[in-house]
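Asks: quick one, what's the 3D model for this:
(one chain, ligands or ions: 3)
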Amino acid sequence: MNYSSINPIHAAPEGFQFGRVWNCSSQIPSLNYRTRTFMAVQEDMTSKPRIPHVLTVAGSDSGAGAGIQADLKACAALGVYCSTVITAVTAQNTIGVQGVNLVPEDFVAEQLRSVLSDMQVHVVKTGMLPSIGVVEVLCHSLKEFPVRALVVDPVMVSTSGDILADPSILAGFREELLPMADIVTPNLKEASTLLGGVRLQTVADMRSAAKLIHTLGPRNVLVKGGDLPDSLDAVDIFFDGENFHELRGSRVKTRNTHGTGCTLASCIAAELAKGSPMLLAVQVAKRFVETALDYSKDMAIGSGPQGPFDHLFKLKSNVYNSYRRRGFNPSDLFLYAVTDSGMNKKWGHSITTAVKAAIEGGATIIQLREKDAGTRDFLEAAKACVEICRSHGVPLLINDRIDVALACDADGVHVGQSDMPVHVARMILGPEKVIGVSCKTPEQAEKAWAEGADYIGCGGVFPTTTKANNLTVGLDGLKTVCLASKIPVVAIGGIGVANARSVMEIGASNLKGVAVVSALFDRECVFTETRKLHAVLTDVAALVVK
Ligand SMILES: Cc1ncc(COP(=O)(O)OP(=O)(O)O)c(N)n1
Ligand SMILES: Cc1ncsc1CCOP(=O)(O)O
Ligand SMILES: [Mg+2]
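Replies: Residues are numbered from 1 along each chain as shown. Ligands and ions are numbered 1, 2, ... in the order given. I've put the predicted structure just below:
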């Protein structure tokens, strides 16, 4: 069988009513998911408002930690409509699964027909498919009613060890469902089962497993390493048939992990429904799960070993400070003020007065870059600056020092190529803190994104005396990095009132602002200089909008 050909569920039958573009793109066998998605999204923008829609085909969990209930909450949290086809009803809690009642196969078929024939589903996500009959019914429905993507979470055994599917479904997975899947997301046990019981104990084993599972037909494979022994961080292996990506995240210490697999797959489906490319969908999903686990780590529901977590943490507005609640906003990079202890000393400014003046002049984010300060003094100053920044709703990042950022509860850090690696910083800081990384090349930009950075600082754009021996990349180098970067970029190095316009006009939509040291802080009046620069940037932004 030629598994590289277009996924059969995308081949729209004659007279199919889903939408003009989908029919059209699915007739071009060489189009990949990314291209098809882009076309579909473009088309949707010209017609009616598009409501991203995921259909989950899964079992009900009475404890609401996993299954259909987790899928509904995950999609809701990501702003995506979720319809449901229930394959089984389980009596389940934090202790385990007490009972399973299967929904008859013809009634699963009826639910599928009800939803798929009427409701413009973009992505189908599967969870508990308890029998080979249900797998067959599903595959048949997907051929009759094609959707944009199929996400298969090959649920076979619950986290408590209870069997959720008849072993005969393995044949259905291998022969019918996986060849139709855009992505399959097995954990280590499931990957091993799909491959006939091979032992998976290392990241290298996970890579081999991902490659072998790919030969079963899915376009992409995500082998989840959450159960990997002796691993400090959560490593997943993503394989798209050509390239491997090692996705690292922080391992959250909590008992509340019931439903993480269902949630991850649903989040991937939700992001695909919004039009994301596959790898980005996986990364967003992974980040969402980490964040939810982090917020829910101390939640106490049930007396068993595996508690549920809170998918809707974003609704709990009173618990977290305002910046975390709002999340990283790329437009915060607009006027990025980076402090320098030497300059402040020269002009007789304390760090707090300098930061306050910059904010009042219009700085939209502050970085404390105090290369000469001792740790204790730096921490004291940082705490005072956190208070000032928080009271103005301006994020505060710490240069280089992850320890100081944690100790003063800053909003994040900025690291360079020889500082703490981004994936380690992410592991230490957790999913919510902002991480910026300095990049001079497209390769560094790609790595920054893959490791979980939020933005890139690119420079020195122009020569500078603030940072010794710093290679200048120029406007061309800046543009090359911006075009390669999947995350927002801020330009740095020798930038001030006289040349900020030339920087912002290079023509890169992900260039969000300028980061400046001496043009703000090596001056007598920080407030006035910041205001002047703010006026220039506002002027450029207004022209770009026109
Ligand atoms: C916004 C921003 N971009 C780049 C840098 C430079 O960071 P790094 O390369 O680590 O150099 P130092 O600042 O540590 O000397 C930055 N600080 N901020
Ligand atoms: C920290 C840093 N990283 C690249 S250039 C630079 C210094 C920027 O300082 P200035 O704005 O004074 O040129
Ligand atoms: Mg550094």
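
Asks: just say helix, strand or coil for the residue in the stretch 101-250 of the chain positioned nearest to ligand 3.
Replies: Distances between the stretch 101-250 of the chain and ligand 3 by C-beta to the ion are smallest at residue 248, namely 20.8 Å. All C-beta atoms are positioned from the backbone trio N, CA, C, and that covers glycine. Each residue gets one of three states, and residue 248 gets strand by DSSP: H, G, I helix; E, B strand; the rest coil.

Asks: so it makes contact with residue 237?
Replies: No - using C-beta atoms under 8 Å as the test, residue 248 is too far from residue 237 to be in contact (10.5 Å).

Asks: quick one, helices of the stretch 151-300 of the chain?
Replies: 169-172, 188-194, 203-214, 260-274, 278-296 (DSSP state H, counting those that start in this stretch).

Asks: out of those helices, which is the most enclosed?
Replies: Between the helices of the stretch 151-300 of the chain, helix 260-274 has the highest mean count of neighbours, a mean of 28, where neighbours are mean count of other C-beta atoms under 10 Å.

Asks: next, the angle from that helix to helix 278-296.
Replies: Put simply, helix 260-274 runs at 130 degrees to helix 278-296, going by axes from the mean of the first three to the mean of the last three C-alpha atoms, to 10 degrees.

Asks: helix 260-274: how far from the chain's middle?
Replies: With C-alpha atoms, centre = their mean, to the nearest Å as the basis, helix 260-274 stands 11 Å off its chain's centre.

Asks: again with stretch 69-81
Replies: On C-alpha atoms, centre = their mean, the centre of stretch 69-81 falls 15 Å from that of its chain.

Asks: avg pLDDT for it?
Replies: Per-residue confidence for stretch 69-81 averages out to 95 on the pLDDT scale.

Asks: buried stuff in that stretch?
Replies: 69, 70, 71, 72, 73, 74, 75, 76, 77, 78, 80, 81 (16 or more other C-beta atoms under 10 Å).

Asks: now, which of these sits nearest ligand 3?
Replies: Nearest to ligand 3 among the buried residues of stretch 69-81: residue 78, at 33.8 Å, using C-beta to the ion.

Asks: show me what contacts the residue nearest to the closest one when sequence neighbours are not counted?
Replies: Leaving aside its chain neighbours, residue 78 sits nearest to residue 270 (4.2 Å; criterion: C-beta to C-beta, 6 or more residues apart in numbering). Shown here is residue 270, whose contacts under the criterion C-beta atoms under 8 Å, 6 or more residues apart in numbering are 52, 54, 74, 75, 78, 79, 80, 82, 123, 285.

Asks: any idea what the nearest residue to the fourth one once chain neighbours are set aside is bridged to?
Replies: It refers to residue 75. In space, and not counting its chain neighbours, residue 75 is closest to residue 82: 3.6 Å by C-beta to C-beta, 6+ apart. The residues paired with residue 82 through beta bridges, assigned by DSSP bridges, are residue 54.

Asks: quick one: residue 82 from ligand 1, how far?
Replies: Applying C-beta to the nearest ligand atom, to the nearest Å, one obtains 39 Å for the distance of residue 82 from ligand 1.

Asks: state the number of residues packed around that residue.
Replies: Look at residue 82: counted by other C-beta atoms under 10 Å, it has 23 neighbours.

Asks: okay but it is in contact with residue 70, surely?
Replies: No - taking C-beta under 8 Å as the contact criterion, residue 82 and residue 70 are not neighbours in contact, 10.5 Å apart.

Asks: overlap in contacts, those two.
Replies: Taking C-beta under 8 Å, 6+ apart as the contact criterion, the residues that touch both residue 82 and residue 70 are residue 266.

Asks: is it true that residue 267 touches residue 74?
Replies: Yes - taking C-beta under 8 Å as the contact criterion, residue 267 and residue 74 are neighbours in contact, 5.2 Å apart.

Asks: can you name the farthest residue from the center of the protein?
Replies: Of all residues in the chain, residue 348 sits farthest from the chain's C-alpha centroid, using C-alpha atoms, centre = their mean; the distance is 43.2 Å.

Asks: worst average pLDDT in the helices of the stretch 151-300 of the chain?
Replies: In terms of mean pLDDT, the lowest-scoring of these is helix 278-296 (a mean of 87).

Asks: just checking, what packs against that one?
Replies: With contacts defined as 3 or more C-beta pairs under 8 Å, 6 or more residues apart in numbering; DSSP states H and E, the secondary structure elements packing on helix 278-296 are helix 67-77, strand 220-224, strand 233-239, strand 244-250, helix 260-274.

Asks: all set now, cheers.
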